[in-house]
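Participant: this is the structure alone, sequence omitted:
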Ligand SMILES: Cc1cc2nc3c(=O)[nH]c(=O)nc-3n(C[C@H](O)[C@H](O)[C@H](O)COP(=O)(O)O)c2cc1C
């Protein structure tokens, strides 16, 4: 356990989940100043024959290389081994993860990401190559199976036998995408099967939920994705809940300030973002699930075009008419749907 500092304390480890087009350095900075998680996982590097590490994803990892984990997705052992040795040129990077969960058909059909769960021998080959090339912390982020979790224990055993330092389990199958109830009993099984830390992922929507998942499964940590975009204070609230302290309750004016920081992050990208308002909408789609119980904010926001118009809608719901002082709930309102950006 000592190899990975985040698991050495008595509390629960926390991590921000990797999300494409969301978890860049600008966004991680927004989270960092609102009660940072122990570590972050950057969106994946898609490893293929001609891939050279670089661009926005590398920039995100180098923002805080001690605490941002790089993630690879790929299916060819030699390409992955080459990319691992290339990563070694950045000795400040300490953590590397293998994606065994991406459910996008155009990805899994190439037998990478979630598709690799259908080929345990391939997983073994890739992970062993990564382990032998990489002296840093190695982790795996996996789902419970491809179309069923009946074979989870066997799959998990294959993964663990390759020597990762810890494993994150998104408690759904690839075919479930991001819907349906996560099967946390797989996480409890994983905890019993090995002595490396297990991180639970999938619908950890509040500090209270994190508390019950940790108590029921014995996992060492929790990873939050969509709900950390909605509520960037979630990691602080988790720590406070585990310490027996009443968790911080942000106000809608705090959410409005968070949105300004998201905008600043979008415009600070060294690679220009072509449609900054679409990018901002991705975030607002998640945030909107806790702004008002009738979904009026989401309705208006989705119809606004341009950054100025979007921010005006935010002002209306989060600052005007004495809205500023209203508490921002820890959980999303029922029946408020964050899609279309809920899924890949
Ligand atoms: C927009 C989006 C992009 C994602 N991109 C990645 C990715 O690059 N790598 C990865 O391992 N998982 C990715 N995921 C999956 C998340 O990391 C996480 O496993 C999933 O959202 C479940 O956690 P949550 O319920 O806390 O959101 C993505 C999810 C979303 C919604």
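Facilitator: Received it, and whenever you're ready, just let me know what you need. What you see is a predicted model, and the numbers here were worked out from it, not measured in a lab. Numbering: from 1, shown residues only.

Participant: what residues does the stretch 51-200 of the chain put near the ligand?
Facilitator: 71, 99, 101, 141, 170, 178 (CB under 6 Å from any ligand atom). Where C-beta positions appear, they are placed from N, C-alpha and C, glycine not excepted.

Participant: for the last one, give its distance to residue 113.
Facilitator: Counting by CB to CB, to the nearest Å, the gap between residue 178 and residue 113 amounts to 14 Å.

Participant: who has more neighbours, the two?
Facilitator: residue 113 (26 against 16; other CB atoms under 10 Å).

Participant: residues contacting the more buried one?
Facilitator: 73, 99-104, 107 (CB atoms under 8 Å, 6 or more residues apart in numbering).

Participant: equivalent analysis for residue 52, please.
Facilitator: So residue 52 contacts residue 86 (CB under 8 Å, 6+ apart).

Participant: how would you label it: helix, strand or coil?
Facilitator: Taking DSSP: H, G, I helix; E, B strand; the rest coil as the rule, one finds residue 52 in the coil state.

Participant: how close does it get to residue 43?
Facilitator: Taking CB to CB, one finds residue 52 at 17 Å from residue 43.

Participant: ditto for residue 8
Facilitator: For residue 8, the distance to residue 43 - CB to CB - is 27 Å.

Participant: show me what the helix or strand encompassing residue 26 is packed against.
Facilitator: Assigned by DSSP states H and E, residue 26 belongs to helix 25-32. In terms of contacts (3 or more CB pairs under 8 Å, 6 or more residues apart in numbering; DSSP states H and E), helix 25-32 is packed against helix 55-63, helix 252-267.

Participant: any residue of that helix up close to the ligand?
Facilitator: No. Shown here: helix 25-32 not in contact with the ligand (CB under 6 Å from any ligand atom), separated by at least 11.6 Å.

Participant: okay, now the domains of this protein?
Facilitator: Domain segmentation of the chain under automatic domain parsing yields 5-242, 252-318.

Participant: now the strands for the chain?
Facilitator: Secondary structure of the chain by DSSP state E: the strands cover 13-16, 39-41, 45-46, 68-73, 95-100, 137-143, 166-170, 198-201, 221-224.

Participant: now render those as JSON lines, adding distance to residue 57.
Facilitator: Below are the strands of the chain laid out as JSON lines (distance: least, CB to CB, whole Å):
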{"stretch": "strand 13-16", "distance to residue 57": "15"}
{"stretch": "strand 39-41", "distance to residue 57": "11"}
{"stretch": "strand 45-46", "distance to residue 57": "6"}
{"stretch": "strand 68-73", "distance to residue 57": "8"}
{"stretch": "strand 95-100", "distance to residue 57": "12"}
{"stretch": "strand 137-143", "distance to residue 57": "15"}
{"stretch": "strand 166-170", "distance to residue 57": "18"}
{"stretch": "strand 198-201", "distance to residue 57": "20"}
{"stretch": "strand 221-224", "distance to residue 57": "18"}
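
Participant: quick one: distance of stretch 290-305 to the chain centre.
Facilitator: Averaging C-alpha coordinates over stretch 290-305 and over its chain gives two centres that are 24 Å apart (CA atoms, centre = their mean, to the nearest Å).

Participant: hmm, back to that, how about the strands of the chain in a markdown table, adding distance to residue 249 and mean pLDDT?
Facilitator: Shown next, in a markdown table, are the strands of the chain (distance: least, CB to CB, whole Å; pLDDT from 0 to 100):
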| stretch | distance to residue 249 | mean pLDDT |
| --- | --- | --- |
| strand 13-16 | 19 | 98 |
| strand 39-41 | 24 | 98 |
| strand 45-46 | 38 | 96 |
| strand 68-73 | 28 | 98 |
| strand 95-100 | 32 | 98 |
| strand 137-143 | 31 | 98 |
| strand 166-170 | 28 | 98 |
| strand 198-201 | 24 | 98 |
| strand 221-224 | 18 | 98 |
